[in-house]
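*Asks:* pasting the sequence and the predicted coordinates here, then a few questions.
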Amino acid sequence: MSKIGVIVGREWSWPPAFIEEVNRRNTGVTAEYAQLGGTRMDEPIEYSVLVDRISHEVPYYRSYLKYAALQGAHVVNNPYMWTADDKFFEAGLATKLGIASPKTIVLPNKDYVPGIVHNESLRNLIYPMDWPGLVDYLGGFPVVLKDAHGGGWKGVYVCHNFDELFANYNQSGLLTMVLQEFIQWDNYLRCMCLDQHDILVMKYDPNARRYSHHDLGPQLYDRIVADCRTLVQALGYDMNTIEWAVRGGVPYAIDFMNPAPDMDVNSLGYEFHRWCVEHMADMCIRLAREPRSPGAELRWSKLFGG
């Protein structure tokens with residue numbers, strides 16, 4: 001019997017619902033919370049599929065998952081890609097794939113780990129930075145400053161002038177920040193993307209953090225779904241959300257580095273939550289029964305060909 005292991009943090013609604021859904025189907029595949037501790041080199045991996053919801057915050061889990069992928073387990077999501085991904089890379093990838101995305105700049109860190117001597121260790125950095133030139137490149141204020149590796153709208157600031165920009169940048173500490181063109185949208189969507197093909201398009205209010213049914217016309221809906229599939233297939237993510245700001249009929253990919261997306265019933269509502277539970281169960285059971293070769297996914301050049 002094949003097993004699916006789920007690695008979670010504090011979230012309470014999606015994991016037990018997913019495990020119950022997999023187990024009640026009686027397909028010869030079972031799901032459980034993975035139990036880990038002191039992984040040995042060449043240790044057999046007992047799970048055919050591992051669903052990763054928290055390794056971005058628990059480094060030991062990330063090390064285990066990379067080892068599990070090396071041993072042939074299918075990890076949702078690819079831990080090698082997730083380790084390397086950031087919002088600046090994504091902006092460049094979207095542009096390479098022909099998908100509209102805000103102009104983006106990656107910034108040097110404000111602070112550094114102990115041992116970095118600014119006038120000796122940072123000789124490659126231009127100082128002072130040409131802040132007016134950077135803002136002009138983005139089309140002027142307002143601009144968005146955000147953590148290149150963040151998610152869940154943490155560490156995101158809309159800056160309307162240099163005072164606000166410097167105040168937020170100066171408290172960013174060791175984070176690597178990106179500066180991004182602000183898209184004044186007519187419509188805003190968040191799309192749940194599972195199995196690199198199944199796309200749930202939801203209208204989203206980023207201020208109230210509220211989901212509802214979308215109101216898109218067929219042409220724009222089809223474009224957003226197609227662009228979602230292009231992005232997640234390039235990234236190799238089986239579980240992700242992509243946010244779109246629609247301006248003048250053009251969907252701009254705002255944020256698509258969400259490999260542990262929010263699936264909580266209180267956030268999504270029961271209908272969207274159940275979509276995530278059932279589609280994740282469909283995918284993971286199939287991957288457990290019909291393993292996908294991990295070899296190609298670990299060769300990034302193949303992923304980025306578009």
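*Replies:* Right, received. Where do you want to start?
*Asks:* buried residues in the biggest helix by length in the chain?
*Replies:* Using DSSP state H to define each element, the chain has its longest helix at helix 270-289. Neighbour-count burial for helix 270-289, counted by 16 or more other C-beta atoms under 10 Å, picks out 272-273, 275-277, 279-285, 287-288. In this view, the C-beta of every residue, glycine as well, is placed from N, C-alpha and C.
*Asks:* do the same with stretch 81-90
*Replies:* M81, W82, D85, K87, F88, F89, E90.
*Asks:* which of those residues fall within helices?
*Replies:* Filtering these for membership in helices, criterion DSSP H, returns M81, W82, K87, F88, F89, E90.
*Asks:* coming back round to it: of the buried residues of helix 270-289, closest to H214?
*Replies:* Nearest to H214 among the buried residues of helix 270-289 is F272, at 11.3 Å by C-beta to C-beta.
*Asks:* these two touch, right, the closest one and V201?
*Replies:* No: in this structure, F272 is not within contact of V201 by C-beta atoms under 8 Å, at 10.5 Å.
*Asks:* any stretches of this structure with poor pLDDT?
*Replies:* For the chain, the stretches flagged by pLDDT under 70 are 152, 293-306.
*Asks:* list the contacts of the residue nearest the centre of it.
*Replies:* In the chain, the C-alpha nearest the mean C-alpha coordinate belongs to N258, at 1.9 Å (C-alpha atoms, centre = their mean). Applying C-beta atoms under 8 Å, 6 or more residues apart in numbering, we find N258 in contact with G151, G152, N240, T241, I242, E243.
*Asks:* nearest residue to it other than its sequence neighbours?
*Replies:* Excluding the flanking residues, the one nearest N258 by C-beta to C-beta, 6 or more residues apart in numbering is T241, at 4.2 Å.
*Asks:* so how far is V6 from that neighbour?
*Replies:* Separation of T241 from V6 (C-beta to C-beta, to the nearest Å) stands at 18 Å.
*Asks:* which residues of the stretch 51-200 of the chain fall in strands?
*Replies:* Using DSSP state E, counting those that start in this stretch, the strands of the stretch 51-200 of the chain run over 74-76, 104-106, 143-147, 156-159, 177-181, 187-194, 198-205.
*Asks:* out of these, which gets nearest to V58?
*Replies:* For these, the distance to V58 is smallest for strand 74-76, at 14.4 Å, taking C-beta to C-beta.
*Asks:* ok so, going back, what's the farthest-apart pair in the buried residues of helix 270-289?
*Replies:* Largest separation among the buried residues of helix 270-289 by C-beta to C-beta: F272 and A288, giving 24.6 Å.
*Asks:* all helices for the stretch 101-250 of the chain, in order.
*Replies:* Listed in chain order, the helices of the stretch 101-250 of the chain (DSSP state H, counting those that start in this stretch) span 118-121, 131-137, 162-170, 218-235.
*Asks:* can I get those helices in TSV including distance to R62?
*Replies:* Formatted as TSV, these follow (distance: least, C-beta to C-beta, whole Å):
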stretch	distance to R62
helix 118-121	27
helix 131-137	32
helix 162-170	28
helix 218-235	17
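*Asks:* what's the most buried one of the ones you listed?
*Replies:* Across the helices of the stretch 101-250 of the chain, averaging neighbours per residue (mean count of other C-beta atoms under 10 Å) puts helix 218-235 on top, at a mean of 18.
*Asks:* give me the angle between that helix and strand 198-205.
*Replies:* When axes from the mean of the first three to the mean of the last three C-alpha atoms, to 10 degrees is applied, the directions of helix 218-235 and strand 198-205 differ by 110 degrees.
*Asks:* what residues does helix 218-235 touch?
*Replies:* For helix 218-235, contacts defined as C-beta under 8 Å, 6+ apart pick out 81, 85, 90, 93-94, 97, 99, 189, 191, 193, 196-197, 199, 201, 214, 216, 238, 240, 242, 244, 246, 249, 251, 253, 256, 303-306.
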